[in-house]
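**Q** Sequence plus predicted model, see below.
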Amino acid sequence: MSLQWSDKLAAWTELNVREIAAFEAASLLRIGDLLRRLPRRYEDRRCSLSLSEFSHGQTGCLRLHVYSCGWRFSFKRYFEAVLGEENSSLGSRLYLRWFHAPYIAKMIATGQNLYVYGQAKDYAGKLCIVNPDFEVVDDDSGMRLAELALGGSLEGAAEPVAGSVLTPQQEPQLLHSNRIVPIYKALSGVTPRRYREIMWKIIQELNPEIRPSYYDVASSYPLAEALRDAHFPEELDKSRKARLRFALAECFVQQFKVQWRRRCSQRKQGQQTATTRYYLEQLHEALPFTLTSAQLRSIAEIEADMRQPTVMNRLLQGDVGSGKTLVALSAMLLAIESGKSAALIAPTQILAEQHYAQFCRLLKGMDIPISLRTSSRKEDSELIELQQDNINDGARIIVGTHALLYKKNRPKALGLAVIDEQHKFGVEQREQFIALDSPPDLLVMTATPIPRTLTLSIYGDLDVSIIDELPANRGSITTALRSPKQMKKIISFMRSELEAGRQIYIVSPLVAESEKRAQASATAEFERWCAEFPDYSLGLLHGRLSAEEKDAVMSAFRTNDSSILVATTVIEVGVDVANATVMLINDADAFGLSQLHQLRGRIGRGEHKSYCILLSEAKLADPAWEKLDVLCRSNNGFVIAEEDFRLRGPGDVLGKAQSGLGAIEFPEWLSDSRLIHRANREASEILDADPDLLRPEHMGLRNLIAEQIEQAVTA
Ligand code: ADP
Ligand code: MG
């Protein structure tokens, strides 16, 4: 499906320069790109009504005769056509009205028969459709029809081609009415009608032998037929069947990659560590608390993996605040006892620095060299040069950011790599380690749980440990939805918490005032709150500060030298200040549910009761209200993830960054576990039978994998 379209398609469909530019602007460069762009939905425009059955509020398609037409004036000028059943000069009438459409006058004429589609409205006793979709079926008015048949509804479109004038007996193929009509996502520069006509041409010319590029998941249902059924279905059932086929193909590719990754790493010789627990026991004894049984269980699972000569690929899932960092540190200690080094990779510099400080504190007296390696301290650029002596500083425990992922920065003798907040990275990061000759054990951690049905798609190549309990010493979090009108009360509540010695986060969605949406900016917020609490010290944290500035602001807050931290979502992940008990979130409905839950995870980390205040103008029963109410009712990440998924659908929940899945074309099927299992089964059958993909029929799959490895290695 990689046919270049420009020449052929331009010839078939008489694309004009403007349209070609429109396609190029939308990166639709090949026929395959257009074929893959399936309709967003379908409208059943099959004629089933007569005019006498058609009434106010109804939407439908009718075949009618034009009895008269012309320009009318009331408060505005509009073109009106008066229609009735053919051969019923006195029967009921339907009025079609077009505003701002001078070209319509050239298309509609008395005596024509039209298919008309739209919603009927009663205006002063007249049944009308405003701006209806229509198609001329036959014509005794002497007008040239080619223009219509070829999609001349475009204002200023090219002149119809000479010789293509249709006689009244020849009914042009109807694409916009009296059928199930595909509705595509709008493409700027090409009208919906024109787009449909171009697709129709392509589908007509489709080679019936066309094959999928990688592997055919449903060879009994030819691709060309499925494409036809998806774009111009004769029955809605057929479009469903076709979409299912494409969804299966998409799931298959995903499952295939996942299984390939898994099998590859299983075949590799990994690191065999965790033979002694000397450091580990020292750490656990020194802790001021006991580990939860879920933490201990996870550590044991990790330890068992690390002892194996095969590579560990494990996901540690646990809600915000469940204590994943200690599990990670325990694993790192197990790795270094065998003479290896261990690295923790965090998504932000703030978080890396925090982990580093915490590790130094926890390992004090153990004489383990620890090093912090992040991007250059001034700029947040990811491509950094680590000092050579830094790489060889003899550190056994290394904490850093993305920079560590680059080949030249990779620590020596790496026995274990931990990726914190995996949902902030993508699958490719894992891939980079797996591609190594002697890959380290890999532990990825996430606090963003995903619905169980999706785990297989996203983390199917990983074994999973789950921390399903929070440490016992946690004060509860109360979450409330408040309107900005209640600000006075909120402020007095904040003051009482400050007086009790607690600290407060104030979070806003944007850094600077955006012209488009007048959301409260963190900077303006900061000034406002300084004025509100002149007797307290406040900090301002956002992504545009330099690393030193961020550092200073964070450490002042950590040491309780500042009482209020006004911030953007840079504090979303990881930040750990147990004395902070209040979080005020401005414009809460601008955030997604999972993100709000993450943010809220910054409080409730100590023994004090905590409060999360969601500020929003949302009214009872607004979708935004429904969304925010989920947070008020639940503090369980899994419940929230399921709700988020239900409210927004998987496509939006799983952005590329979150899932590493790339663009998902059929998100509606991602949660269909039967489909995923079928794809999974199919992928394993292939890999069982042909583990190295040497058979000629698996050439496409081999290319798929090769592309992927190339991406990972060059990243
Ligand atoms: P997350 O899972 O969100 O990464 P952290 O690892 O940052 O959570 O842990 C949150 C806080 O809980 C830290 O201050 C940590 O020291 C503390 N903590 C971790 N485990 C326990 C425990 N078993 N009992 C009490 N506090 C704990
Ligand atoms: Mg964490």
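**A** All right, it came through fine. Model, not experiment: these values are computed from the prediction. Ligands and ions are numbered 1, 2, ... in the order given.
**Q** Can you give the domain ranges for the protein?
**A** 46-178, 211-267+672-715, 269-467, 477-634 (automatic domain parsing).
**Q** now do the same end-to-end measure for the first one.
**A** Pointing back at domain 46-178 there. Length of domain 46-178, first residue to last, C-alpha to C-alpha, to the nearest Å: 4 Å.
**Q** which residues sit in contact with Pro309?
**A** Pro309 sits next to 269-270, 272 when contact means C-beta atoms under 8 Å, 6 or more residues apart in numbering. For the C-beta atoms, the positions are set from N, CA and C on the backbone; glycine is no exception.
**Q** try 6 Å
**A** Applying C-beta atoms under 6 Å, 6 or more residues apart in numbering to Pro309 gives the contacts Gln272.
**Q** three-state assignment of it?
**A** Under DSSP: H, G, I helix; E, B strand; the rest coil, Pro309 falls in the coil class.
**Q** picking that back up, mind putting the domains of the chain into a markdown table with mean pLDDT?
**A** Output for those, formatted as a markdown table (pLDDT from 0 to 100):
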| stretch | mean pLDDT |
| --- | --- |
| domain 46-178 | 77 |
| domain 211-267+672-715 | 85 |
| domain 269-467 | 82 |
| domain 477-634 | 86 |
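**Q** how about a markdown table for the ones you listed, with distance to ligand 1 added?
**A** Formatted as a markdown table, the domains of the chain follow (distance: least, C-beta to the nearest ligand atom, whole Å):
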| stretch | distance to ligand 1 |
| --- | --- |
| domain 46-178 | 51 |
| domain 211-267+672-715 | 25 |
| domain 269-467 | 3 |
| domain 477-634 | 5 |
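**Q** Mind checking those for the one nearest to Ala641?
**A** Closest approach to Ala641 among these is made by domain 269-467 (4.7 Å; C-beta to C-beta).
**Q** one step back: relative to Ile202, which of the domains of the chain is closest?
**A** It's domain 211-267+672-715; of the domains of the chain, that one is closest to Ile202 (C-beta to C-beta) at 8.3 Å.
**Q** Let me have the domains of the chain in CSV, extended by distance to Arg37.
**A** As requested, the domains of the chain are arranged in CSV below (distance: least, C-beta to C-beta, whole Å):
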stretch, distance to Arg37
domain 46-178, 17
domain 211-267+672-715, 9
domain 269-467, 22
domain 477-634, 26
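**Q** Nearest approach to Tyr195 belongs to which of those?
**A** Closest to Tyr195 of the domains of the chain, according to C-beta to C-beta: domain 46-178, at 9.0 Å.
**Q** what's the closest of the domains of the chain to Ser188?
**A** Taking those one by one with C-beta to C-beta, domain 46-178 is closest: 13.4 Å.
**Q** pLDDT value on the closest residue to His597 other than its chain neighbours, please?
**A** Ranked by C-beta to C-beta, 6 or more residues apart in numbering and with sequence neighbours excluded, the top spatial neighbour of His597 is Ile640, at 4.9 Å. The score at Ile640 is 86. That number is its pLDDT.
**Q** and Ile640, what helix or strand is that in?
**A** Using DSSP states H and E, Ile640 falls within helix 637-648.
**Q** helices or strands up against that helix?
**A** On a contact count with 3 or more C-beta pairs under 6 Å, 6 or more residues apart in numbering; DSSP states H and E, helix 637-648 meets helix 593-600.
**Q** Nothing else from me, thank you.
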